[in-house]
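> generate a structure from the sequence data that follows.
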Amino acid sequence: MATLEIRDLHVTVEADNATKEILKGVDLTVKQGETHAIMGPNGSGKSTLAYSLAGHPKYTITGGTVTLDGEDVLDMAVDERARAGLFLAMQYPVEVPGVSVSNFLRTSATAIRGEAPKLRTWVKEVKEAMERLNMDSSFAERNVNEGFSGGEKKRHEILQLELLKPKVAILDETDSGLDVDALRIVSEGVNRVRETGEVGTLLITHYTRILRYIKPDFVHVFSGGRIVESGGAELADKLENEGYEAYTKGGVSA
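Numbers count the residues shown, from 1 in each chain. Got it, this is the predicted structure:
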């Protein structure tokens, strides 16, 4: 069973000519087949956790450990983390001019699988995945995210998720900027991957609306750079009713 283990993770970032600690001792275990929702106010460190796990150079790990199936994730380069089974769906997917979606996806799949997918099988696989996400086949020939709407970018992220089949998927505010229809389609894509039971999902969000479509096994409240409370799906209902004020009083922030 694939397991992502985060122990006492501390992370700093350089801002305004000063070093600021953002993560202040995060502990979390995500097992294959589980869905964990991380919720918290703006600035609490949720996205910092996502990008630190993925290996973004902006963030400096100052303490703690992260392992995937017992292997030291923090000792891996960014591409090695992806090949090991970590996947990040970004809050703000970047444009990649000059690289078509079809070439990007096949190159990514080749890197993950260790060999190029057979072309005929791959074309069918991509076409079927795009149809499930209500994506027109012409998207395959467009440059990655160039001129895409917010909803199209998020569908492309979930298309990657479906095709690359990671061990652990980190979804950083995948619901941001989505209308109701796009949210439903994207959530259905995430649920299809979850239903295989082969992927651990770390879903980072501000709001509970996506949790109406994607039911978490565990909900964690993030505040001040750490997890301050954990529970089941009922915790999300509490946050919907009461907000984050109880967790941010006393000047706790990140």
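> give me the distance from the helix or strand where Tyr247 lies to the chain's centre.
With secondary structure defined by DSSP states H and E, Tyr247 is part of helix 245-248. Put simply, helix 245-248 sits 25 Å off its chain's centre (C-alpha atoms, centre = their mean, to the nearest Å).
> do stretch 170-185 as well
With C-alpha atoms, centre = their mean, you get 12 Å for stretch 170-185.
> pretty sure Asp179 sits against Gly151.
Yes. Using C-beta atoms under 8 Å, Asp179 makes contact with Gly151 at a distance of 6.7 Å. Yep, even glycine has a C-beta here, placed from its N, CA and C like the rest.
> give the residues shared as contacts by these two.
Common contacts of Asp179 and Gly151 (C-beta atoms under 8 Å, 6 or more residues apart in numbering): none found.
> more crowded one of the two?
Shown here are Asp179 and Gly151; by other C-beta atoms under 10 Å, Gly151 has more neighbours (17 against 10).
> find the nearest non-adjacent residue to the more buried one, please.
Ala182 (3.6 Å; C-beta to C-beta, 6 or more residues apart in numbering).
> same deal with Ala233?
Closest to Ala233 by C-beta to C-beta, 6+ apart is Pro216, at 5.6 Å.
> for Leu171, see how far away that neighbour is.
Relative to Leu171, Pro216 is positioned 11 Å away (criterion: C-beta to C-beta, to the nearest Å).
> ok, Tyr92 next?
13 Å.
> could you do Asp79 as well?
From Asp79 over to Leu171 (counting by C-beta to C-beta), the distance is 20 Å.
> quick one, which of the two is more surrounded?
Applying other C-beta under 10 Å to Asp79 and Leu171 shows that Leu171 carries more neighbours, namely 28 against 10.
> what bridges to the more buried one?
Here Leu171 sits in beta bridges with Ala89, Leu203, going by DSSP bridges.
> one step back: what comes into contact with the helix holding Tyr247?
If you take C-beta under 8 Å, 6+ apart as the criterion, helix 245-248 is touched by 40-41, 221, 223-224, 228-229.
> repeat that for 6 Å
41, 221, 223, 228 (C-beta atoms under 6 Å, 6 or more residues apart in numbering).
> please apply the same query to stretch 134-154.
Here stretch 134-154 has contacts from 93, 95-97, 99-102, 104, 155, 174, 177-178, 182, 185-186, using C-beta under 6 Å, 6+ apart.
> switch to 8 Å and redo it
By C-beta under 8 Å, 6+ apart, stretch 134-154 touches 89, 93-102, 104-105, 126-127, 130, 155-156, 159, 174, 176-179, 182, 185-186.
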